[in-house]
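Enquirer: Need a 3D model of the sequence below.
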Amino acid sequence: MLTKVYGSAVFGVEATTITVEVNVDKGIGYHLVGLPDNAIKESNYRIAAALQNNGYKIPGKKITINMAPADLRKEGSAYDLTLAIGILAASSQIRAEGIEEYLIMGEVSLDGGLQPIKGALPIAIKAREEGFKGFILPKQNAEEAAIVDGLHVYGIENISEVIDFFDKGKELEQTIIDTRAAFFQSLEHPEFDFADVKGQESIKRCMEIAAAGGHNIILIGPPGAGKTMLAKRLPSILPPMTLHEALETTKIHSVAGRIKAHGGLMAQRPFRSPHHTISDVALVGGGAYPQPGEISLSHNGVLFLDELPEFKRGVLEVMRQPLEDREVTISRARFTVTYPSSFMLVASMNPSPGGYFNDPDAPVTSSPAEMQRYLSKISGPLLDRIDIHIEVTPVPFEKLSEDRKGESSVTIRERVTKAREIQTERFIQFQNIHYNAQMGTKQIRTYCKLDSASLDLLKNAMERLNLSARAYDRILKVARTIADLEASEKVTGTHISEAIQYRSLDREGWLG
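Expert: This next block holds a predicted model:
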C-alpha cells in the first residue's frame, strides 16, 4: 500500500515541502531513497525501537521510502516522525484519513518521546502558504511555530499522541498565541540599562548618535574604562523592533536552532559578541550545509567585536562585503543560500598592545613601532565602514562614588526613535535606505548641504587635524544624524564641529 506524508527541508531562511512516499509490498528489505544524509538513514533504528515501545512495529515486508523531490539533499533527524507515521499508515496499522492535510516533523527518541527541531518558524510559514490545515511537531517548538496565523499548530510530547490522533480521532491540544500582544508586552524591559553607567556622558551621547543613525562605532580606551559595559547597553536604546523585523530575526535564529525551548517571537534586538578566536566561516556562515554565522544572527541588532586587533586579519576582511551589502551569500556546487546581515557593528580596542596611549603614568608602555604594528591590524577598507571613532577615558573616583543615577535607556530610546522616524520619512522613496548610515554619495550631496561657514569649518578641521579623505563623507553622515536628533532640517556648523570629534583614528598620531 502506498501512503504520502509531508515534511519540510530548510535552505537558508526558506523552507521547501518534502513529500515522503512510503510503499509497503511483498518481500523484505528497507530502502530509503531521495538523497537522505546519515542521520536520516539511521532513523529506522530509532523508529523501530519507538514503535516497539508503544505497541506497534515495523512490518517484516519490503518497505520503499522516497523523499521527493529526489534531487534535493535532505539532512537531520527531524524526519523521524514523518517516516514513522508514513510506515504505520502504509502498513495499515493505523488509519490515515486526512493525513495529507498535515505537515509532520520531529525527532523520535527510543521511547517515542520527541526532541526539538530546527527551523520550525520558516516551516510553519511555508505550510500556511501551501494550504496545509495543521502542523504537528515537538512541544518545545510549538510556541515558535504558533507565531504563524491561520495554521493549526499541535505540540506533542510522544509519538503515541499522533497515532491516537489519526487512528482513534483523539483530539490534540492546539497551541494558540496572540503574537502581537506577546511581542509588544516584552518591548520595554531591557536587560541592561544606561542608568547604571556612572559618568561617561560624552560616550553616552556618542552611542545615542550611533543608534539614531545606525552608524558603526569603535571605542578606543585603556582596560577598565567601560568599553564592554557601554557596548552591551547599546541594544537597549535602539528603536523597538517592528513585527516584520522580529519575524525576520526569529527565522534566522530558528534555522540555526538558537530559539530557546518554548520560546516564541524574539522581541529584543540580538546582541552577539563572538570571541576573537572565531573563524571566518563561523563569522559569516557556511559549512557543508550552510548555516547562518554570527553576522546573520546579529541581523537587526548589534555585533560586538571586543579587542578588535586580536581578531585574525582574514576574519575581519570577510566582513567588508556584508557590511556594505547587508546580506551574505554562501555558494556551494549544487546550491546557493543568502542570509540577511543588516547589523550595527560595535568594536572596541586598546590603543596599544600594553593597553595605554601616551600616558607617562601607565604601568605598561609600548614603543611607537609596537603601537603602529598593533593598530595596522585593522585595515583601511574596514575602518572606512566605521563612521564613529571615540576615545573612552577611565571614570574618576568622584563619578564612580556618586549615588545619582544616569539617564535611563527608555528616555534615550525615545529621542533615538524620533530621529529614526525623521529618517524613515526622508528615505521613503529609496528601497534599500532606511537610516543615515546607509546613505550613498548621491544622498549625502542632497541631504547634507552645508552653508559657506560650515564648509570652511570642515575644511579647516580636515587640514588642521590631518583627517583623511574618507572621513569627509562620514562626518557629513554623522552631522546629519546629530541634526535629526535636534529635529533640525539643516546641517549647521555646530553639528559639523561635534561630528569632527568622532574621527579619532583618522588623526595624525593614530594610524599615521
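Enquirer: Pull out the buried residues from the longest helix along the chain.
Expert: Counting residues, the longest helix found in the chain (DSSP state H) is helix 409-426. Within helix 409-426, the residues that count as buried by 16 or more other Cβ atoms under 10 Å are Ser409, Ile412, Arg413, Arg415, Val416, Ala419, Arg420, Ile422, Gln423, Arg426. Backbone N, C-alpha and C define where each C-beta goes, glycine included.
Enquirer: And for stretch 232-240?
Expert: Lys232, Arg233, Leu234, Pro235, Ser236, Ile237, Leu238, Pro239.
Enquirer: Please apply the same query to stretch 151-169.
Expert: For stretch 151-169, the buried set under the neighbour-count rule, 16+ other Cβ under 10 Å, comprises 151-156, 158-163, 165-167.
Enquirer: Nearest to Ser279 among these?
Expert: The shortest separation between Ser279 and any of these is 35.8 Å, and it belongs to Gly155 (by Cβ to Cβ).
Enquirer: The closest residue to the closest one other than its chain neighbours: neighbouring residues, count only.
Expert: In space, Gly155 comes closest to Ala142 once its chain neighbours are excluded; the distance is 2.7 Å by Cβ to Cβ, 6 or more residues apart in numbering. Residues near Ala142, counting by other Cβ atoms under 10 Å, number 25.
Enquirer: ok, Ala142 - contacts?
Expert: Val153, Tyr154, Gly155, Thr175, His262 (Cβ atoms under 8 Å, 6 or more residues apart in numbering).
Enquirer: hmm, 10 Å instead?
Expert: The neighbours of Ala142, taking Cβ atoms under 10 Å, 6 or more residues apart in numbering as the test, are 116, 120, 124, 135-136, 153-156, 173-177, 262, 264.
Enquirer: These in helices, which ones?
Expert: Filtering the contacts of Ala142 for membership in helices, criterion DSSP H, returns Ala120, Ala124.
Enquirer: what's the farthest-apart pair in the contacts of Ala142?
Expert: Spanning the widest gap among those are Pro116 and Ile176, at 19.6 Å by Cβ to Cβ.
Enquirer: Who has more neighbours out of those two?
Expert: The residue with more neighbours, out of Pro116 and Ile176 and counting by other Cβ under 10 Å, is Pro116; that gives 20 against 12.
Enquirer: Could you list every helix and strand in contact with the host helix or strand of His495?
Expert: Following DSSP states H and E, the helix or strand that holds His495 is helix 493-500. Packing partners of helix 493-500 (3 or more Cβ pairs under 10 Å, 6 or more residues apart in numbering; DSSP states H and E): helix 201-213, helix 452-464, helix 470-485.
Enquirer: Kindly state which of the ones you listed is positioned closest to Tyr289.
Expert: Between Tyr289 and the helices and strands packed on helix 493-500, the shortest separation by Cβ to Cβ is 35.5 Å, and it involves helix 201-213.
Enquirer: List the contacts of Glu14.
Expert: In this structure, Glu14 makes contact with Gly119, Pro122, Ile123, Ile125, Lys126, Lys251, Val255, Val337, Thr338, judged by Cβ under 10 Å, 6+ apart.
Enquirer: Same check on Gly55?
Expert: If a contact means Cβ under 10 Å, 6+ apart, then Gly55 has Gln93, Gly112, Ser160, Ile163 as its contacts.
Enquirer: what's the residue most central in space within the chain in contact with, if anything?
Expert: Computing the C-alpha centroid of the chain and ranking residues by Cα atoms, centre = their mean puts Leu297 first, at 2.5 Å. Taking Cβ under 10 Å, 6+ apart as the criterion, Leu297 is in contact with 249, 252-253, 255-256, 258, 270, 272, 274, 285, 291, 303, 339, 341, 343.
Enquirer: Pro290 too?
Expert: When the contact criterion is Cβ under 10 Å, 6+ apart, the partners of Pro290 are 11-12, 281, 284, 328-332, 335-339.
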